[in-house]
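> Below are the sequence and a predicted model for it; my questions follow.
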Amino acid sequence: MADKRPVRVVILGGGFGGMYAALEFERILAEDDSIEVTLVNEDNFFLFTPMLHEVAASDLDPSTIVNPVRKLLRRVRFFNGRVEKVELAGRRVLAAHGGSEHSHELEYDHLVIALGSTTNFFGIPGLAKRALTMRSLADAITLRNRLIQHLEEADFECSIGSRKDLLTIVVAGAGFAGVETVAGINDFLREAIAHYPNLTEESLRVVLVDPVPEILPELGGRLGPGPPATPPTLSSPPSLARSRRAASSRTIGCEWPAGPACGQWATAPPFRIRLPAGRTPRPRSTPFGRERSWRETCTPRSAERT
Ligand SMILES: Cc1cc2nc3c(=O)[nH]c(=O)nc-3n(C[C@H](O)[C@H](O)[C@H](O)COP(=O)(O)OP(=O)(O)OC[C@H]3O[C@@H](n4cnc5c(N)ncnc54)[C@H](O)[C@@H]3O)c2cc1C
(Lines give C-alpha, C1' and ligand atoms only; values in the text may rest on other atoms or scores of the structure.)
Protein backbone atom coordinates (compact mmCIF):
# COMPACT_ATOMS: atom_id res chain seq x y z
CA MET A 1 0.00 0.00 0.00
CA ALA A 2 1.32 3.42 -0.92
CA ASP A 3 2.48 5.68 1.90
CA LYS A 4 -0.11 8.46 2.19
CA ARG A 5 1.88 10.51 4.65
CA PRO A 6 2.42 14.02 3.30
CA VAL A 7 5.93 15.18 2.53
CA ARG A 8 6.96 17.42 5.42
CA VAL A 9 8.80 20.64 4.74
CA VAL A 10 10.00 22.68 7.72
CA ILE A 11 11.14 26.27 7.24
CA LEU A 12 13.34 27.69 9.99
CA GLY A 13 13.06 31.46 10.35
CA GLY A 14 10.24 33.81 9.41
CA GLY A 15 12.21 36.78 8.13
CA PHE A 16 12.50 37.79 4.51
CA GLY A 17 13.93 34.46 3.35
CA GLY A 18 11.68 32.16 5.36
CA MET A 19 8.48 34.13 5.03
CA TYR A 20 8.77 34.54 1.28
CA ALA A 21 9.53 30.83 0.93
CA ALA A 22 6.36 30.13 2.95
CA LEU A 23 4.30 32.53 0.85
CA GLU A 24 5.55 30.86 -2.30
CA PHE A 25 4.53 27.48 -0.90
CA GLU A 26 1.10 28.96 -0.14
CA ARG A 27 0.81 30.05 -3.73
CA ILE A 28 1.95 26.88 -5.45
CA LEU A 29 0.43 24.31 -3.10
CA ALA A 30 -3.04 25.82 -2.78
CA GLU A 31 -5.26 22.74 -2.27
CA ASP A 32 -2.46 20.19 -2.63
CA ASP A 33 -2.36 18.25 0.64
CA SER A 34 0.46 15.93 -0.36
CA ILE A 35 2.92 18.43 1.09
CA GLU A 36 2.78 19.79 4.62
CA VAL A 37 4.76 22.95 5.25
CA THR A 38 5.58 24.34 8.70
CA LEU A 39 7.24 27.65 9.38
CA VAL A 40 9.10 27.99 12.69
CA ASN A 41 9.93 31.43 14.06
CA GLU A 42 10.71 32.83 17.48
CA ASP A 43 8.34 35.78 16.94
CA ASN A 44 4.79 35.41 15.70
CA PHE A 45 5.18 38.38 13.40
CA PHE A 46 7.09 39.27 10.30
CA LEU A 47 9.33 42.31 10.83
CA PHE A 48 9.88 44.75 7.99
CA THR A 49 13.51 45.61 8.80
CA PRO A 50 13.97 48.32 6.14
CA MET A 51 11.72 50.55 8.26
CA LEU A 52 13.21 49.61 11.61
CA HIS A 53 15.20 52.83 11.83
CA GLU A 54 11.91 54.75 11.75
CA VAL A 55 10.91 53.10 15.01
CA ALA A 56 14.31 54.00 16.49
CA ALA A 57 13.75 57.57 15.33
CA SER A 58 10.21 57.72 16.75
CA ASP A 59 8.77 58.29 13.28
CA LEU A 60 6.70 55.12 13.35
CA ASP A 61 4.82 53.13 15.92
CA PRO A 62 6.30 49.62 16.28
CA SER A 63 3.02 47.99 15.26
CA THR A 64 3.22 49.57 11.81
CA ILE A 65 6.26 47.56 10.75
CA VAL A 66 5.14 44.14 11.93
CA ASN A 67 2.69 41.78 10.31
CA PRO A 68 1.17 38.84 12.21
CA VAL A 69 2.34 35.55 10.69
CA ARG A 70 -1.07 34.00 11.19
CA LYS A 71 -2.66 36.63 9.04
CA LEU A 72 -0.13 36.08 6.28
CA LEU A 73 -0.32 32.29 6.16
CA ARG A 74 -3.38 30.10 5.74
CA ARG A 75 -2.10 26.94 4.13
CA VAL A 76 1.34 26.83 5.77
CA ARG A 77 1.34 25.81 9.42
CA PHE A 78 3.10 28.03 11.93
CA PHE A 79 5.04 27.02 15.01
CA ASN A 80 6.01 29.83 17.35
CA GLY A 81 9.23 28.71 19.01
CA ARG A 82 12.96 29.11 19.19
CA VAL A 83 14.99 26.59 17.24
CA GLU A 84 17.41 24.98 19.66
CA LYS A 85 18.82 22.12 17.70
CA VAL A 86 18.64 20.42 14.35
CA GLU A 87 19.33 16.72 14.24
CA LEU A 88 20.27 16.15 10.66
CA ALA A 89 20.65 12.40 10.96
CA GLY A 90 17.23 11.97 12.59
CA ARG A 91 15.64 14.73 10.46
CA ARG A 92 14.27 16.46 13.50
CA VAL A 93 14.17 20.02 14.74
CA LEU A 94 14.01 20.72 18.46
CA ALA A 95 12.34 23.98 19.36
CA ALA A 96 11.64 25.68 22.67
CA HIS A 97 8.03 26.74 22.99
CA GLY A 98 5.78 28.64 25.36
CA GLY A 99 6.42 30.46 28.61
CA SER A 100 8.01 27.39 30.16
CA GLU A 101 10.19 26.95 27.07
CA HIS A 102 9.39 23.27 26.91
CA SER A 103 10.78 21.39 23.98
CA HIS A 104 8.98 20.23 20.83
CA GLU A 105 10.21 17.90 18.14
CA LEU A 106 9.34 18.67 14.56
CA GLU A 107 10.14 16.02 12.00
CA TYR A 108 10.91 16.91 8.43
CA ASP A 109 11.68 15.44 5.05
CA HIS A 110 13.01 18.71 3.68
CA LEU A 111 14.48 21.57 5.68
CA VAL A 112 14.72 25.21 4.66
CA ILE A 113 17.14 27.22 6.78
CA ALA A 114 16.50 30.96 6.88
CA LEU A 115 17.58 31.97 10.36
CA GLY A 116 19.24 35.19 9.23
CA SER A 117 22.38 36.62 10.73
CA THR A 118 23.62 38.28 13.89
CA THR A 119 25.85 41.29 14.43
CA ASN A 120 29.50 40.43 14.16
CA PHE A 121 31.63 42.01 16.86
CA PHE A 122 34.75 40.22 15.66
CA GLY A 123 35.52 39.29 19.23
CA ILE A 124 36.50 42.83 20.19
CA PRO A 125 36.61 42.88 23.98
CA GLY A 126 33.76 44.74 25.62
CA LEU A 127 32.04 45.79 22.43
CA ALA A 128 29.16 43.32 22.51
CA LYS A 129 28.45 44.31 26.09
CA ARG A 130 28.62 48.06 25.63
CA ALA A 131 27.21 48.64 22.18
CA LEU A 132 23.67 48.51 20.94
CA THR A 133 22.74 46.44 17.93
CA MET A 134 20.09 47.26 15.36
CA ARG A 135 18.44 44.12 14.14
CA SER A 136 15.18 43.46 15.97
CA LEU A 137 12.16 45.45 17.05
CA ALA A 138 13.44 45.36 20.62
CA ASP A 139 16.78 46.78 19.40
CA ALA A 140 15.04 49.72 17.73
CA ILE A 141 13.02 50.52 20.84
CA THR A 142 16.10 50.23 23.05
CA LEU A 143 18.02 52.58 20.76
CA ARG A 144 15.22 55.13 20.78
CA ASN A 145 15.04 55.00 24.57
CA ARG A 146 18.82 55.37 24.83
CA LEU A 147 18.82 58.45 22.62
CA ILE A 148 16.12 60.07 24.70
CA GLN A 149 17.93 59.11 27.89
CA HIS A 150 21.12 60.76 26.59
CA LEU A 151 19.26 63.98 25.78
CA GLU A 152 17.61 64.06 29.19
CA GLU A 153 20.90 63.47 30.96
CA ALA A 154 22.86 65.92 28.84
CA ASP A 155 20.40 68.73 29.54
CA PHE A 156 21.32 68.89 33.21
CA GLU A 157 24.23 70.53 34.96
CA CYS A 158 25.49 67.29 36.36
CA SER A 159 26.49 66.22 32.86
CA ILE A 160 28.60 69.22 31.94
CA GLY A 161 31.72 67.06 31.89
CA SER A 162 30.12 64.26 29.91
CA ARG A 163 27.81 66.22 27.64
CA LYS A 164 30.01 65.87 24.61
CA ASP A 165 30.12 62.13 25.10
CA LEU A 166 26.39 61.85 25.61
CA LEU A 167 25.70 63.75 22.42
CA THR A 168 28.17 61.91 20.22
CA ILE A 169 26.71 59.04 18.26
CA VAL A 170 28.74 56.74 16.08
CA VAL A 171 27.05 54.29 13.78
CA ALA A 172 29.18 51.49 12.43
CA GLY A 173 28.65 50.21 8.93
CA ALA A 174 27.55 52.04 5.81
CA GLY A 175 25.25 49.34 4.47
CA PHE A 176 21.46 49.60 4.48
CA ALA A 177 21.09 49.17 8.23
CA GLY A 178 23.82 51.65 9.15
CA VAL A 179 22.92 54.38 6.66
CA GLU A 180 19.21 54.25 7.41
CA THR A 181 19.89 54.17 11.12
CA VAL A 182 22.33 57.10 11.13
CA ALA A 183 19.97 59.21 9.02
CA GLY A 184 17.03 58.42 11.32
CA ILE A 185 19.06 59.15 14.46
CA ASN A 186 20.37 62.38 12.98
CA ASP A 187 16.92 63.70 12.09
CA PHE A 188 15.44 62.60 15.38
CA LEU A 189 18.12 64.18 17.56
CA ARG A 190 18.20 67.45 15.67
CA GLU A 191 14.46 67.82 15.92
CA ALA A 192 14.22 66.74 19.55
CA ILE A 193 17.11 68.84 20.82
CA ALA A 194 15.14 72.03 20.22
CA HIS A 195 13.03 71.07 23.24
CA TYR A 196 16.00 70.96 25.60
CA PRO A 197 16.80 74.45 26.91
CA ASN A 198 20.44 73.78 27.75
CA LEU A 199 21.37 71.98 24.55
CA THR A 200 22.03 73.23 21.05
CA GLU A 201 22.20 71.47 17.75
CA GLU A 202 25.88 72.37 17.47
CA SER A 203 26.64 70.15 20.44
CA LEU A 204 25.45 67.06 18.58
CA ARG A 205 27.86 64.90 16.68
CA VAL A 206 26.51 62.05 14.58
CA VAL A 207 29.02 59.99 12.65
CA LEU A 208 28.83 57.07 10.27
CA VAL A 209 31.98 54.97 10.13
CA ASP A 210 32.96 52.46 7.51
CA PRO A 211 36.24 51.29 6.00
CA VAL A 212 34.96 51.34 2.42
CA PRO A 213 35.13 54.57 0.43
CA GLU A 214 31.43 54.71 -0.38
CA ILE A 215 28.16 54.37 1.46
CA LEU A 216 25.56 51.80 0.39
CA PRO A 217 27.98 49.81 -1.76
CA GLU A 218 25.07 47.43 -2.52
CA LEU A 219 23.58 50.13 -4.74
CA GLY A 220 26.66 50.71 -6.87
CA GLY A 221 28.53 53.95 -7.46
CA ARG A 222 25.69 55.94 -8.96
CA LEU A 223 23.23 55.59 -6.09
CA GLY A 224 25.67 54.96 -3.28
CA PRO A 225 28.44 57.51 -3.70
CA GLY A 226 31.00 58.36 -1.07
CA PRO A 227 30.88 61.46 1.10
CA PRO A 228 29.97 64.38 -1.13
CA ALA A 229 32.40 67.20 -1.77
CA THR A 230 29.67 69.66 -0.90
CA PRO A 231 27.06 68.93 1.76
CA PRO A 232 23.81 67.45 0.47
CA THR A 233 20.44 69.09 0.94
CA LEU A 234 20.17 68.02 4.57
CA SER A 235 20.88 71.01 6.75
CA SER A 236 22.94 69.01 9.22
CA PRO A 237 23.94 65.71 7.71
CA PRO A 238 25.81 63.13 9.70
CA SER A 239 29.51 63.13 8.99
CA LEU A 240 31.20 60.19 7.40
CA ALA A 241 34.42 58.88 8.81
CA ARG A 242 36.59 56.31 7.16
CA SER A 243 38.07 53.84 9.51
CA ARG A 244 41.36 52.16 8.92
CA ARG A 245 42.07 48.51 8.82
CA ALA A 246 44.22 47.30 11.65
CA ALA A 247 47.26 45.72 10.10
CA SER A 248 47.44 42.71 12.31
CA SER A 249 43.88 41.51 12.40
CA ARG A 250 40.60 41.40 10.56
CA THR A 251 39.18 44.16 12.69
CA ILE A 252 38.64 47.58 11.29
CA GLY A 253 39.84 50.25 13.61
CA CYS A 254 38.91 53.81 14.30
CA GLU A 255 39.99 55.92 17.19
CA TRP A 256 37.33 58.07 18.64
CA PRO A 257 38.75 60.58 21.04
CA ALA A 258 35.52 61.87 22.51
CA GLY A 259 34.28 58.64 23.93
CA PRO A 260 31.01 56.92 23.47
CA ALA A 261 30.34 54.90 20.44
CA CYS A 262 26.79 54.38 19.53
CA GLY A 263 24.56 53.33 16.75
CA GLN A 264 24.35 49.86 15.48
CA TRP A 265 26.25 50.05 18.71
CA ALA A 266 26.07 52.50 21.56
CA THR A 267 28.44 52.51 24.45
CA ALA A 268 29.17 54.35 27.61
CA PRO A 269 32.19 56.66 27.62
CA PRO A 270 35.09 56.67 27.48
CA PHE A 271 35.57 54.25 24.68
CA ARG A 272 37.95 53.82 21.85
CA ILE A 273 36.03 52.05 19.20
CA ARG A 274 37.30 49.58 16.72
CA LEU A 275 34.51 49.00 14.37
CA PRO A 276 33.93 45.70 12.70
CA ALA A 277 30.73 46.79 10.95
CA GLY A 278 29.25 43.54 9.90
CA ARG A 279 27.06 40.59 10.39
CA THR A 280 27.68 36.94 10.54
CA PRO A 281 25.59 33.84 9.96
CA ARG A 282 23.59 32.68 12.99
CA PRO A 283 25.88 31.77 15.86
CA ARG A 284 27.88 28.70 15.68
CA SER A 285 26.44 27.68 19.00
CA THR A 286 22.87 27.13 17.91
CA PRO A 287 21.10 25.31 16.60
CA PHE A 288 23.62 23.01 15.00
CA GLY A 289 26.08 22.35 17.77
CA ARG A 290 28.65 24.50 19.41
CA GLU A 291 31.51 24.36 16.99
CA ARG A 292 29.80 24.33 13.66
CA SER A 293 27.89 26.97 11.74
CA TRP A 294 24.89 26.04 9.66
CA ARG A 295 27.02 26.38 6.55
CA GLU A 296 29.48 23.86 7.84
CA THR A 297 26.74 21.63 9.11
CA CYS A 298 24.59 21.46 6.03
CA THR A 299 26.45 18.79 4.22
CA PRO A 300 25.16 17.08 1.11
CA ARG A 301 22.84 14.20 1.90
CA SER A 302 25.35 11.59 0.92
CA ALA A 303 27.77 12.93 3.51
CA GLU A 304 25.01 13.31 6.05
CA ARG A 305 24.23 9.62 5.98
CA THR A 306 27.76 8.45 6.58
C1 LIG B 1 17.86 48.25 10.25
C2 LIG B 1 17.94 47.45 8.98
C3 LIG B 1 17.61 48.03 7.76
C4 LIG B 1 17.69 47.29 6.58
N5 LIG B 1 17.33 47.90 5.41
C6 LIG B 1 17.37 47.17 4.27
C7 LIG B 1 16.95 47.75 3.02
O8 LIG B 1 16.53 48.91 2.96
N9 LIG B 1 17.02 46.98 1.91
C10 LIG B 1 17.48 45.67 1.95
O11 LIG B 1 17.51 45.01 0.91
N12 LIG B 1 17.86 45.11 3.12
C13 LIG B 1 17.82 45.82 4.25
N14 LIG B 1 18.21 45.23 5.43
C15 LIG B 1 18.73 43.86 5.41
C16 LIG B 1 17.59 42.85 5.44
O17 LIG B 1 16.79 43.06 6.57
C18 LIG B 1 18.21 41.46 5.49
O19 LIG B 1 19.01 41.28 4.36
C20 LIG B 1 17.13 40.39 5.53
O21 LIG B 1 16.32 40.56 6.66
C22 LIG B 1 17.77 39.02 5.57
O23 LIG B 1 16.72 38.07 5.53
P24 LIG B 1 16.84 36.67 6.26
O25 LIG B 1 15.58 35.93 6.00
O26 LIG B 1 18.13 36.03 5.86
O27 LIG B 1 16.99 37.01 7.80
P28 LIG B 1 15.98 37.76 8.74
O29 LIG B 1 15.06 38.63 7.98
O30 LIG B 1 16.80 38.33 9.84
O31 LIG B 1 15.10 36.55 9.33
C32 LIG B 1 15.60 35.61 10.23
C33 LIG B 1 14.41 35.15 11.08
O34 LIG B 1 14.79 34.01 11.83
C35 LIG B 1 14.34 34.18 13.16
N36 LIG B 1 15.23 33.41 14.02
C37 LIG B 1 16.56 33.56 14.18
N38 LIG B 1 17.03 32.62 15.01
C39 LIG B 1 15.98 31.86 15.37
C40 LIG B 1 15.83 30.70 16.20
N41 LIG B 1 16.87 30.14 16.83
N42 LIG B 1 14.60 30.16 16.34
C43 LIG B 1 13.54 30.70 15.69
N44 LIG B 1 13.61 31.79 14.88
C45 LIG B 1 14.82 32.34 14.73
C46 LIG B 1 14.42 35.68 13.42
O47 LIG B 1 13.57 36.06 14.47
C48 LIG B 1 13.94 36.20 12.07
O49 LIG B 1 12.54 36.29 12.03
C50 LIG B 1 18.13 45.94 6.62
C51 LIG B 1 18.46 45.35 7.86
C52 LIG B 1 18.36 46.08 9.01
C53 LIG B 1 18.70 45.40 10.32
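On my side now, so go ahead. Numbers count the residues shown, from 1 in each chain.
> C-alpha from now on. contacts and neighbour counts both.
Fine.
> need the residues of the stretch 201-306 of the chain near the ligand, please.
For the stretch 201-306 of the chain, the contact set with the ligand under CA under 6 Å from any ligand atom is empty.
> which stretches of the stretch 201-306 of the chain have low pLDDT?
Across the stretch 201-306 of the chain, the ranges flagged by pLDDT under 70 are 221-306.
> Run through the residues that contact the closest residue to Met51 other than its chain neighbours.
Spatial nearest neighbour of Met51, chain neighbours left out: Ile65 (6.7 Å); criterion: CA to CA, 6 or more residues apart in numbering. Shown in contact with Ile65 (CA atoms under 8 Å, 6 or more residues apart in numbering): Leu47, Phe48, Thr49, Met51, Leu52.
> domains of the chain?
7-116+282-303, 127-279 (automatic domain parsing).
> Could you check how far the closest residue to the ligand within the stretch 101-250 of the chain is from Arg135?
Using CA to the nearest ligand atom, Gly116 is the residue of the stretch 101-250 of the chain that sits closest to the ligand, at 3.2 Å. Per CA to CA, to the nearest Å, Gly116 is found 10 Å from Arg135.
> can you give me the offset of the strand or helix carrying Val10 from its chain's centre?
Here Val10 sits within strand 7-12, counting by DSSP states H and E. Chain-centre distance of strand 7-12: 25 Å, with CA atoms, centre = their mean, to the nearest Å.
> can you pull the buried residues of the following helix or strand past it?
Under the assignment DSSP H and E, the closest C-terminal helix or strand after strand 7-12 is helix 16-29. Using 16 or more other CA atoms under 10 Å as the test for burial, helix 16-29 gives Phe16, Gly17, Gly18, Met19, Ala21, Ala22, Leu23, Phe25, Glu26, Leu29.
> Specify which member of those is nearest to Asp210.
Using CA to CA, Phe16 comes nearest to Asp210 of the buried residues of helix 16-29, at 25.3 Å.
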